[in-house]
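Trainee: sequence and predicted model, in that order:
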Amino acid sequence: STMAPSCGAAAVLVHQLSRGRSQQPFKKALGKVTAMEFHPVKPFFFLANQQTVKIYHLVKQALVKELKSNCKWISSMDVHPTGDHVIVGSFDKKVAWFDLDLGGNPFKVLRYHTKAVRAVKIHRTYPLFATCSDDGAIHIFHGRVYDDLMRNPLLVPLKILRAHEVTNGLGVLDIAWHPKQPWLFAVGGDGNVTLFQDI
């Protein structure tokens, strides 16, 4: 999928690579789109605008659920590999974790950064997630999700990584987990890309 926030109803396009086709799933303007993700298993599409995350069923073309972030401006989003949890970061220094079984409000709001949160990423195989910010820090968390629906997720801060100089007000701009190893790549406003191994 691709995103062009200022294009109204055409702000989001979904591409079907196997058929070489693109389609515009929404007929109306969506507001300011800030992030989007696919559900890992179901035909659901997560769409974040300034303050909410809307979950759409792509086949039925219907809204399934709306999540209220309690943030002023969402900057980033990631979906847990189970598809039952969503994490969002915001420019007002917050990180919100949603458990979709618990409703539309955040299960937990984390306030560890001192400046805008640029990216949030959940590891695909390890119980880890990371956040990065314009304060120049990367926060690593243990994020355990249980099969037992009666148990809430366990979110524990593990460590803070610093490797980028804040340049012109820009700290760490983006992060990406290695698909199989507990390694994290980070890119900063200082123009450097850093690899952290064995977190």
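Mentor: Structure received. Keep in mind that what you see is a predicted model, and the values were worked out from it rather than measured.

Trainee: going forward, measure contacts and count neighbours with C-alpha atoms only.
Mentor: Noted.

Trainee: quick check: what element follows the lowest-mean-pLDDT helix or strand in the chain along the chain?
Mentor: Scoring the helices and strands of the chain by mean pLDDT, DSSP states H and E places strand 2-3 at the bottom, with a mean of 60. Downstream of strand 2-3, the next assigned helix or strand under DSSP states H and E is strand 12-16.

Trainee: for Gln16, grab the count of nearby residues.
Mentor: Residues lying near Gln16 (other C-alpha atoms under 10 Å) number 11.

Trainee: what helix or strand is the residue nearest to the spatial centre of the chain on?
Mentor: What sits nearest the mean C-alpha location of the chain, by C-alpha atoms, centre = their mean, is Met77, with 1.7 Å. Counting by DSSP H and E, the element that carries Met77 is strand 74-79.

Trainee: and the next helix or strand past that strand?
Mentor: Downstream of strand 74-79, the next assigned helix or strand under DSSP H and E is strand 85-90.

Trainee: ok, then the element right after that next one?
Mentor: Counting by DSSP H and E, what follows strand 85-90 is strand 95-99.

Trainee: neighbouring strands for that next one, and are they parallel or not?
Mentor: Neighbouring strands of strand 95-99 in its sheet, by DSSP bridges, are strand 85-90 (antiparallel), strand 108-110 (antiparallel).

Trainee: secondary structure element for Val53?
Mentor: Counting by DSSP H and E, Val53 is part of strand 52-57.

Trainee: what's the angle from that strand to strand 74-79?
Mentor: Put simply, strand 52-57 runs at 40 degrees to strand 74-79, going by axes from the mean of the first three to the mean of the last three C-alpha atoms, to 10 degrees.

Trainee: flag every buried residue along stretch 120-137.
Mentor: Across stretch 120-137, burial judged by 16 or more other C-alpha atoms under 10 Å covers 120-124, 127-137.

Trainee: report the two of these separated the most.
Mentor: Arg124 and Asp135 (25.8 Å; C-alpha to C-alpha).

Trainee: helices and strands around the one helix or strand Ser22 maps to, which ones?
Mentor: In this structure, Ser22 sits in strand 21-23 according to DSSP H and E. Packing partners of strand 21-23 (3 or more C-alpha pairs under 8 Å, 6 or more residues apart in numbering; DSSP states H and E): strand 12-16.
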